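Asks: need the 3D shape of this:
(2 chains)
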Amino acid sequence: MPSIWENYKTENAYDELMHSEFQPRAVSYNLCQYLNTLNKEDIDKRKTAAELAIMEMGITFTVYSDEGNIDRAWPFDIIPRIIDAKEWHIIERGLKQRLSALNYFISDVYDKQSFIKEGLIPGDIINSSKNFRKECIGMKPRHNVWANICGTDLVRDRDGMMYVLEDNLRVPSGVSYMLENRVITKRVFPELLQDINILPIDDYPTQLLEMLSSIAPNQNGRPQIAVLTPGIYNSAYFEHAYLAQQMGAQLVEGCDLMVDDDDCVYMRTIEGPEKVDVIYRRIDDDFLDPEVFRKDSVLGVPGLMRAWQAGNVALANAPGAGVADDKVVYAYVPEMIRYYLNEEPILPNVETYLCSHSEHLDYVLAHLAELVVKPANESGGYGMLVGPHSTAKEVEAFRKVILKNPRNYIAQPTLAISTSPTLCKDILEPRHIDLRPFILQGEKTFVTAGGLTRVALKKGSLVVNSSQGGGSKDTWIINREND
Amino acid sequence: MLSRSAERLYWLARYLERTENLARLVSVHMNLLMDLPKGVEMGWQQLIHINGCQEAFHEHYKLAQERNVTRFLLTDPGHRNSLFSCLSLARENIRTTRELLPDEAWEQVNELYLYTKKHLDSVSSRRMRVLFLNEILEGCQRFTGLLSGYMSHDHPYHFILLGRNIERADMTSRILDLSSLLLSESRSDEMRQYESLLWMNVLQSLNALLMYRRHVRSRIKGDDVLNYLILDSALPRSINCCLYEMADAIGKLPNHDKLPEDVADLKNFVQSIDTRQTTQLQLRNILDQLQTKLAFLHERIANNWFSAHSVDDAVIQQEQKAH
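Replies: Here you go, the predicted model:
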């Protein structure tokens, strides 16, 4: 019987499931045992079943190309990624700690700026951040929380340690795929899930609803909550619709909303205008309100900032929260944790060189071929240089790009990010992965049990973004105490 | 409920109803043609007439024979009223209103769409076409059934009922329009010979044959069939019944303004029809008027509840970039 484990070789990186080529880690023992009972044909059947489920459930993301938009089925690898609950609880605390500090920092930025005044971060880093919004100065969102929803990217290096790669505080996406991945796994491996003690994840929509309710301007009665989407042509539309449906909230587009003379936000309904209390907006600040930001925005709502400033509507995340979603600001998060919380950071940052800093810049330019260089403000894995995977010509071209605007670039050592067994054709091979847990902060703080594991499906690739050939896996947090 | 959502659900229901009607029409017509000798003036071109798309058809096809007509009506993506186009539009509409419907509703429409897309080529074979059409009919029925069993009968549901019934009434009037051929003074002897078979076909196109037998209990005659399909108050696809359903849905929706009166006018118009004395010409005239009135009612519904919103390329580009 040909085994799917044939020639499995852990590479020069930490493997999430395997100790060595033949020995599973304690936490993945049951899964590996089970996989051993399946032959290639069995596995192929499960894979086909998963693909069918994805097609039928319509789990898609949109890829933009010159030939038009293509709705692609979500690339899903049926072999889950596993983390021990003991380790997870530490990570969970670290994530809460981090978001809490970030929210203190954003409040401070738009208030007294004591962090800057005490010289802990250069003021011009804030002033030159394109996500710093002067319109937000003096605002006090409820619970003093600006970033209510955060997706933090974690990677594990060769030493087995989990590092924070970035904090996505603007409109992080992926949580619907995390939820749907579990639904598919339940369909594909029902017998397995029964026997292993995996922490459930499906209460996310309830937690999200509760968090959004907790920031409503008026705490009497049930608030009217809306998810504001840019529309069907946005790559994450599936997720916007999914979350609205799961929460029983209204899914609205900009054209469905209006701000009246009373500075309140209303939806256009069949019964006439209806007041909206909380908006989970999935539109960038730039497009939010043509009266304040981009004048040509047709997706936003004229007057929305006015309504928010008047305290008549809550926006999640708050406008301006993106100031902390900047890879330069990222470098200062450990310091923020010490400053605002008087605690030591639980989760370490990846060592980061700031190109705005002249000594760092010299180092970066001298070591370009070994580093990963990223623009400070892009998401989706665009516009970055992975030194060891680039040609000399690409490296030289990037050198010029950095020198043109050093403030906009940071560099990090190329991590040997961990791998996990992934089904490639009909056998398992190690592929690099990361993890994006989602953290909610309103009145209370909540962390998803696990998160979205993204996998670089191309052999050797470190880029996990779905827009660039990445896929995803179900993530299991396993409690072994009851085993 | 958002005006935009109301509009999309209404169109979702219209497009799905149109999908189902097209499938039934082609399926029944195939059966009929197997029974008729060649040369009776009831060929494939009649299906093009019913759907009022002679011009669109002749832009792309020469002969109105089986292969061309079935391709045009069922799978041609360039024809905006083909079954595949209607189903694609239904899917686009439900994709943007998923949050108002049970999960299974989206999955049902999506599955049906994927099935159709996969089997586009198979409709050229008669045997495969039968299977294909059955699958479509069953899929549409499953959708209707699961809404009636799973969905709250609230505003969104009433917009679906409204869309479904206005589309149904429209299709019934089109089928009757065609059957007026059977009343033509100049019809051939051969056609007269097969008359009851043809009337049966008309009833079957609206799933009404068995009901007719039970309720009318007479042999199948033209004027009785017409009366039954226009005026019966219990047959789901009779014009009268569709109007009744629409009146009910409208009555349950907020801000219905003068719409109940509009439907009442339409009901009066229909109830005054007496098919026993009408000539072919008179019947066609009545049906023309009926279709105009249905189109007017649609306008009134749209103006009353839906929002004017158009999507152009600039919007699409921003939607892609907005985060």
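Asks: contacts and neighbour counts: CA atoms only from here.
Replies: Noted.
Asks: how about residue 86: what's its closest non-neighbour residue?
Replies: I'll assume chain A. Nearest non-adjacent residue to residue A:86, counting by Cα to Cα, 6 or more residues apart in numbering or on different chains: residue A:479, 7.5 Å away.
Asks: that's the wrong chain, I wanted chain B
Replies: Among residues not flanking residue B:86 along the chain, residue B:15 sits closest, at 5.2 Å (Cα to Cα, 6+ apart).
Asks: got the buried residues for the host helix or strand of that neighbour?
Replies: In the assignment (DSSP states H and E), residue B:15 maps to helix B:3-35. Residues of helix B:3-35 classed as buried under the neighbour-count rule (16 or more other Cα atoms under 10 Å in any protein chain shown) are B:3-30, B:32-33.
Asks: quick one: the helix or strand harbouring residue B:164 to helix B:3-35, angle?
Replies: Here residue B:164 sits within helix B:155-179, counting by DSSP H and E. Using axes from the mean of the first three to the mean of the last three Cα atoms, to 10 degrees, the inter-axis angle of helix B:155-179 relative to helix B:3-35 is 30 degrees.
Asks: check the offset of helix B:155-179 from the chain's centre.
Replies: In terms of Cα atoms, centre = their mean, to the nearest Å, the centre of helix B:155-179 is found 6 Å from the chain centre.
Asks: could you say what helices and strands that helix packs with?
Replies: Helices and strands in packing contact with helix B:155-179 are listed as helix B:3-35, helix B:45-50, helix B:195-205, helix B:239-252, helix B:280-305; criterion 3 or more Cα pairs under 8 Å, 6 or more residues apart in numbering or on different chains; DSSP states H and E.
Asks: dump those helices to JSON lines, plus mean pLDDT and distance to residue A:3.
Replies: Compiled in JSON lines, those are given as follows (pLDDT from 0 to 100; distance: least, Cα to Cα, whole Å):
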{"stretch": "helix B:3-35", "mean pLDDT": "92", "distance to residue A:3": "47"}
{"stretch": "helix B:45-50", "mean pLDDT": "86", "distance to residue A:3": "57"}
{"stretch": "helix B:195-205", "mean pLDDT": "86", "distance to residue A:3": "56"}
{"stretch": "helix B:239-252", "mean pLDDT": "96", "distance to residue A:3": "60"}
{"stretch": "helix B:280-305", "mean pLDDT": "91", "distance to residue A:3": "61"}
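Asks: go through those and name the closest to residue A:448.
Replies: Judged by Cα to Cα, the one of these that comes nearest to residue A:448 is helix B:3-35, at 31.2 Å.
Asks: now the angle between helix B:195-205 and the closest one, please.
Replies: 150 degrees.
Asks: now the angle from helix B:3-35 to helix B:280-305?
Replies: 160 degrees.
Asks: still on that earlier bit, hang on, the residue nearest to residue A:86 packs against residue A:198?
Replies: Yes - Residue A:479 is within contact range of residue A:198, at 6.5 Å (criterion: Cα atoms under 8 Å).
Asks: how many neighbours does residue B:144 have?
Replies: Summarising burial for residue B:144: neighbours were counted as other Cα atoms under 10 Å in any protein chain shown, giving 18.
Asks: re the thing from before, elements contacting the helix holding residue B:15?
Replies: Judged by 3+ Cα pairs under 8 Å, 6+ apart, the packing partners of helix B:3-35 are strand A:265-269, helix B:83-95, helix B:126-150, helix B:155-179, helix B:195-205, helix B:280-305.
Asks: how about these in a markdown table, adding distance to residue B:251?
Replies: Conversion of the helices and strands packed on helix B:3-35 to a markdown table gives the following (distance: least, Cα to Cα, whole Å):
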| stretch | distance to residue B:251 |
| --- | --- |
| strand A:265-269 | 17 |
| helix B:83-95 | 24 |
| helix B:126-150 | 19 |
| helix B:155-179 | 10 |
| helix B:195-205 | 30 |
| helix B:280-305 | 12 |
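Asks: quick one, which of the ones you listed is nearest to residue A:390?
Replies: Comparing the helices and strands packed on helix B:3-35 under Cα to Cα, the one sitting nearest is helix B:83-95, at 40.5 Å.
Asks: and the next helix or strand after the closest one, anywhere near chain A?
Replies: The C-terminal neighbour of helix B:83-95 among helices and strands, as given by DSSP H and E, is helix B:103-118. Yes - Helix B:103-118 is in contact with chain A by Cα under 8 Å from any Cα of the partner chain, via B:106-107, B:110-111.
Asks: what comes up buried for helix B:103-118?
Replies: B:104-114, B:116.
Asks: out of those residues, which is nearest to residue A:114?
Replies: For the buried residues of helix B:103-118, the residue nearest residue A:114 by Cα to Cα is residue B:106; the value is 51.5 Å.
Asks: test my guess that that closest one contacts residue B:98.
Replies: Yes - using Cα under 8 Å as the test, residue B:106 is close enough to residue B:98 to be in contact (6.3 Å).
Asks: quick one: the helices in the stretch 301-450 of chain A?
Replies: For the stretch 301-450 of chain A, helices defined by DSSP state H, counting those that start in this stretch occupy the ranges A:304-309, A:327-330, A:333-336, A:358-366, A:392-404.
Asks: for the helices and strands packed on helix B:155-179, give me CSV that also has distance to residue B:151.
Replies: Putting the helices and strands packed on helix B:155-179 into CSV (distance: least, Cα to Cα, whole Å) gives the following:
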stretch, distance to residue B:151
helix B:3-35, 13
helix B:45-50, 33
helix B:195-205, 28
helix B:239-252, 15
helix B:280-305, 21
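Asks: pLDDT value on residue B:109, please?
Replies: The per-residue pLDDT reported for residue B:109 equals 95.
Asks: for residue B:212, same thing?
Replies: Per the predicted model, pLDDT is 91 at residue B:212.
Asks: tell me how many other residues surround it.
Replies: 22.
Asks: likewise for residue A:225?
Replies: Using other Cα under 10 Å, residue A:225 is surrounded by 24 other residues.
Asks: repeat that for residue A:261.
Replies: Counted with other Cα under 10 Å, the burial measure for residue A:261 works out to 9 neighbours.
Asks: what residues does the stretch 51-200 of chain B have near chain A?
Replies: Applying Cα under 8 Å from any Cα, one finds that the stretch 51-200 of chain B approaches chain A through B:96-100, B:106-107, B:110-111.
Asks: which pair in those spans the largest distance?
Replies: Pairwise distances across these (Cα to Cα) peak at 18.5 Å, for the pair B:100 and B:111.
Asks: could I get the full set of helices for the stretch 151-300 of chain A?
Replies: With DSSP H, counting those that start in this stretch as the definition, the stretch 151-300 of chain A shows helices at residue ranges A:175-188, A:190-195, A:204-214, A:237-247, A:285-288.
Asks: please identify the most buried of those.
Replies: When these are scored by mean count of other Cα atoms under 10 Å in any protein chain shown, the highest mean neighbour count falls to helix A:285-288 (a mean of 24).
Asks: do that helix and chain B meet?
Replies: Yes - contact of helix A:285-288 with chain B is found when judged by Cα under 8 Å from any Cα, involving A:286-287.
Asks: for the record, mean pLDDT for that helix?
Replies: Averaged across helix A:285-288, the pLDDT comes to 94.
Asks: just stretch A:156-167 next, same as before
Replies: Mean pLDDT, computed over stretch A:156-167, is 94.
Asks: in that stretch, what counts as buried?
Replies: A:156-158, A:162-167.
Asks: again with stretch A:439-446
Replies: Of the residues in stretch A:439-446, those buried by neighbour count under the rule 16+ other Cα under 10 Å are A:439-443, A:445-446.
Asks: what is the lengthiest helix in chain A packed up against?
Replies: Scanning chain A for the longest helix, with DSSP state H as the assignment, gives helix A:85-109. Of the remaining helices and strands, those touching helix A:85-109 by 3+ Cα pairs under 8 Å, 6+ apart are helix A:114-117, helix A:333-336, strand A:438-441, strand A:445-447, strand A:470-478.
Asks: residue A:187: which of these is closest?
Replies: strand A:470-478 (12.3 Å).
Asks: quick check: angle from that closest one to helix A:85-109?
Replies: Comparing the axes of strand A:470-478 and helix A:85-109 via the same axes, to 10 degrees yields an angle of 120 degrees.
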